[in-house]
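> turn this into a model:
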Amino acid sequence: MDRDNESMRFLGGSATPRVQAAPNLQLKRLRERLNEPVFAHRPIRPRRVIAYVRTLRGADSAPAFEVLAQEAAKRGWYVGHQFHDDTGPMAPQQSPRWVQARKLMHEGFADGVLVLDRSHISRDDSEYEIELTFVAECQCFTALVVPETAT
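Presented below is the predicted three-dimensional model:
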């Protein structure tokens, strides 16, 4: 190991071995970077968010919506829509209510989406990244109660 580091210094590389950031940390940083342009200006009205929850079939979504409502109020946001998919783990674009949420953001009827954690959008890193990018391209934001690094 010391020889490898010494070789790196000799070849002009960094003396510090490179450590790859955890995928969840990378996704958190990506989400924050994509959200920056939206939060760079102060809106003249409270931000309108979609509270989105995905559960297993038959699960009660009320407690999750209560947490999202409290979080939105704490951040000074207005919950304009509540969407609940009881499809369980499924690709986001196959979840009917998520597709509806995307449409509202695309058409300018919402400023962003608020979820409990990233699993409500997707547990798959690449699917999650696609959805973050789509939301940002709509000039909207993605907000989580529990950040990616805590899950």
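> so which bits of the lengthiest helix in the chain are buried?
Ranked by number of residues, the top helix in the chain under DSSP state H is helix 23-39. Within helix 23-39, the residues that count as buried by 16 or more other Cβ atoms under 10 Å are N24, L27, K28, L30, R31, L34, N35, V38. Yep, even glycine has a C-beta here, placed from its N, CA and C like the rest.
> repeat that for stretch 91-109.
For stretch 91-109, by 16+ other Cβ under 10 Å, it's P92, S95, R97, W98, A101, R102, L104, M105.
> ok, back up a step: and the buried residues of helix 23-39 as JSON lines, adding distance to A62 and pLDDT?
Below are the buried residues of helix 23-39 laid out as JSON lines (distance: Cβ to Cβ, whole Å; pLDDT from 0 to 100):
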{"residue": "N24", "distance to A62": "28", "pLDDT": "84"}
{"residue": "L27", "distance to A62": "28", "pLDDT": "91"}
{"residue": "K28", "distance to A62": "28", "pLDDT": "92"}
{"residue": "L30", "distance to A62": "31", "pLDDT": "91"}
{"residue": "R31", "distance to A62": "26", "pLDDT": "94"}
{"residue": "L34", "distance to A62": "30", "pLDDT": "94"}
{"residue": "N35", "distance to A62": "27", "pLDDT": "94"}
{"residue": "V38", "distance to A62": "29", "pLDDT": "92"}
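> could you dump those into JSON lines and include distance to G80?
As requested, these are exported to JSON lines (distance: Cβ to Cβ, whole Å):
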{"residue": "N24", "distance to G80": "29"}
{"residue": "L27", "distance to G80": "26"}
{"residue": "K28", "distance to G80": "25"}
{"residue": "L30", "distance to G80": "25"}
{"residue": "R31", "distance to G80": "21"}
{"residue": "L34", "distance to G80": "21"}
{"residue": "N35", "distance to G80": "18"}
{"residue": "V38", "distance to G80": "16"}
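> helix, strand, or coil at F83?
Each residue gets one of three states, and F83 gets strand by DSSP: H, G, I helix; E, B strand; the rest coil.
> that one: neighbour count?
Counted by other Cβ atoms under 10 Å, the residues lying close to F83 total 20.
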